[in-house]
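1. Have a look at this fold, sequence not included:
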Ligand code: NAP
């Protein structure tokens, strides 16, 4: 990659003031091919490296990230506008993920014996080669970590195409891998635009592809992979329900909902986006929500007291504004906010939308910004109908003091993850992923590690033995 003055789609633009910080030249087809060749060559050695060697490097990555958390955090804040404290928190989670795989991969990838009447049978978990990873900007370091930590520890190599607005974060991560001692070619960035990714999937040296991002990007990558019979995993959008049961601690539920919704500027796939509240506590929830909105401090994301920064880009702010305006035209009530802020940068007012009906686009759409949608329900059936009405099925929350009852409700939510009394979160040991149009496959935990390994069955027996 080289810095350039030439106009490129790959650039750092500070969304706090919309100033271009740095532009990068996109790689040519020849450069991309040569990086993939190198990743394939590196695989031939890396797949035979010991788990001890891999673990040592992964622990080193974790410790470098811990040491550089302020520097990394500032870079994420600069490139996509998240509040600095949250950016530093993101880096800490990355360290925990690298440490987790370093500590557990040997056990997860150990041969697994199978019960057979005679002889022996077991599963052997073997890496498959170069993985293409395509990632979004909203957690610039965590998104790289989520796929790289697992698949590289499993013995694969990786070429990663990061979102075009976070190239400096991408470069920083590659530098950290190198500093940690990861051999050349095991992890390399591809600086190309999203629209140029599809043909790369067909390169025979790419063995599988993983994408986190929007539904259209996921569909395009999965189609390209299917055409050449390669496995894909997709982590796509979400419009997570947050169901508040009658017996919930209403003040805590409202505070959790607002904090969860506004974190990362509302640009989290698993944000609680739709609050679905029992009619008997609706007014109290609304009033506590309004109180929590008053506590939001919009400002420079680098400042310690800011709780809500700009969106990731001018376009992102305009897209979300258009969704709010359409909802208003279709009859929804914009109870709070709803406008751009009178200041430079990609700022949008924290917004609360109520009275959304089935006929409105907002009923089924994902809104990727600081916009809370509030629904009222009379019966649990109605709550679940609203919860399950979108094409998405990523995460979800059920709030209530009777945990057993909350778990029963959680079982009826069509999604990949449900948290009780907590906004959807992440931890290295908890499988992460969705169902429906939120994608397929899992990341984190043993499930994430096994997505891109060949689960080979080996059976010892003899021809004279009955099977
Ligand atoms: P996006 O446009 O799909 O971008 C994500 C990545 O895909 C970027 O690297 C982008 O490259 C690339 N891309 C875009 N079009 C592509 C195509 N046709 N083929 C291949 N790659 C393509 O996503 P976004 O709108 O920026 O990100 C927000 C979305 O991601 C939301 O829907 C959010 O919910 C979802 N998300 C999901 C998760 C999860 O874990 N489920 C996590 C975070 C975000 P360029 O930047 O060069 O366009």
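-> Looks like it came in fine. Everything numeric here is computed off the predicted structure, so don't read it as measured data.
2. Need the distance between the two termini of stretch 414-430.
-> The first residue of stretch 414-430 is 18 Å away from its last residue (Cα to Cα, to the nearest Å).
3. buried sites along that stretch?
-> By 16 or more other Cβ atoms under 10 Å, the buried positions in stretch 414-430 come out as 414, 415, 416, 417, 418, 419, 421, 423, 424, 426, 428. For the C-beta atoms, the positions are set from N, CA and C on the backbone; glycine is no exception.
4. In those residues, which has the lowest confidence score?
-> In terms of pLDDT, residue 424 ranks lowest among the buried residues of stretch 414-430, with 93.
5. which bits of the stretch 101-250 of the chain sit near the ligand?
-> Applying Cβ under 6 Å from any ligand atom, we find that the stretch 101-250 of the chain lies next to the ligand at 134-138, 161-164, 193-195, 197-198, 212-214, 217, 220-221, 235-238.
6. Give me the mean pLDDT for stretch 12-28.
-> 97.
7. Outside of it itself, list whatever touches it.
-> By Cβ atoms under 8 Å, 6 or more residues apart in numbering, the residues outside stretch 12-28 that reach it are 1-11, 35, 78-81, 165-168, 190-193, 196, 300-302, 309-314, 316, 344-346.
8. are any of those buried, and which?
-> 1, 10-11, 35, 78-81, 165-168, 190-192, 300-302, 309-314, 316, 345-346.
9. Next step: those residues restricted to helices.
-> Counting by DSSP state H, the buried ones among the contacts of stretch 12-28 place 35, 78, 79, 80, 167, 168, 314, 316 in helices.
10. how near is the second one to residue 344?
-> To residue 344, residue 78 is 15 Å away according to Cβ to Cβ, to the nearest Å.
11. again with the fifth one
-> In this structure, residue 167 lies at 22 Å from residue 344, with Cβ to Cβ as the measure.
12. And the last one, by the same measure?
-> With distances taken as Cβ to Cβ, residue 316 is found 15 Å from residue 344.
13. ok, of the ones in helices among the buried ones among the contacts of stretch 12-28, which one's closest to the ligand?
-> Among those, residue 316 lies closest to the ligand (Cβ to the nearest ligand atom), at 7.9 Å.
14. looking at it, that closest one is touching residue 369, isn't it?
-> Yes: at 6.8 Å, residue 316 counts as touching residue 369 under the criterion of Cβ atoms under 8 Å.
15. what's the overlap in contacts for those two?
-> When contacts are counted by Cβ under 8 Å, 6+ apart, residue 316 and residue 369 are jointly contacted by residue 267.
16. Tell me how many other residues surround residue 199.
-> 11 (other Cβ atoms under 10 Å).
17. go on, residue 392?
-> Around residue 392 there are 29 residues (other Cβ under 10 Å).
18. Skip the chain neighbours and tell me the closest residue to residue 457.
-> residue 123 (5.8 Å; Cβ to Cβ, 6 or more residues apart in numbering).
19. Let me know whether my guess that that neighbour is in a helix holds.
-> No: Residue 123 sits outside any helix when classified using DSSP: H, G, I helix; E, B strand; the rest coil, being strand.
20. What is the burial count for it?
-> 17.
21. so it sits right up against residue 108, yeah?
-> No: using Cβ under 8 Å, residue 123 is not in contact with residue 108; the gap is 11.6 Å.
22. pLDDT wise, what is residue 4 at?
-> 45.
23. Tell me the strands beside the one helix or strand residue 210 maps to, with direction?
-> Using DSSP states H and E, residue 210 maps to strand 206-212. Strand partners for strand 206-212, identified by DSSP bridges, are recorded as strand 130-134 (parallel), strand 231-235 (parallel).
24. Same list (those) but as JSON lines, adding mean pLDDT and mean neighbour count.
-> Output for the strands paired with strand 206-212, formatted as JSON lines (pLDDT from 0 to 100; neighbours: other Cβ atoms under 10 Å):
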{"stretch": "strand 130-134", "mean pLDDT": "98", "mean neighbour count": "27"}
{"stretch": "strand 231-235", "mean pLDDT": "98", "mean neighbour count": "23"}
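25. a markdown table for the ones you listed, including distance to residue 261?
-> A markdown table is the format used below for the strands paired with strand 206-212 (distance: least, Cβ to Cβ, whole Å):
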| stretch | distance to residue 261 |
| --- | --- |
| strand 130-134 | 26 |
| strand 231-235 | 20 |
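26. Would you point out the most distant pair within the ones in helices among the buried ones among the contacts of stretch 12-28?
-> Using Cβ to Cβ, those reach their maximum pairwise distance at 35 and 314, which is 31.2 Å.
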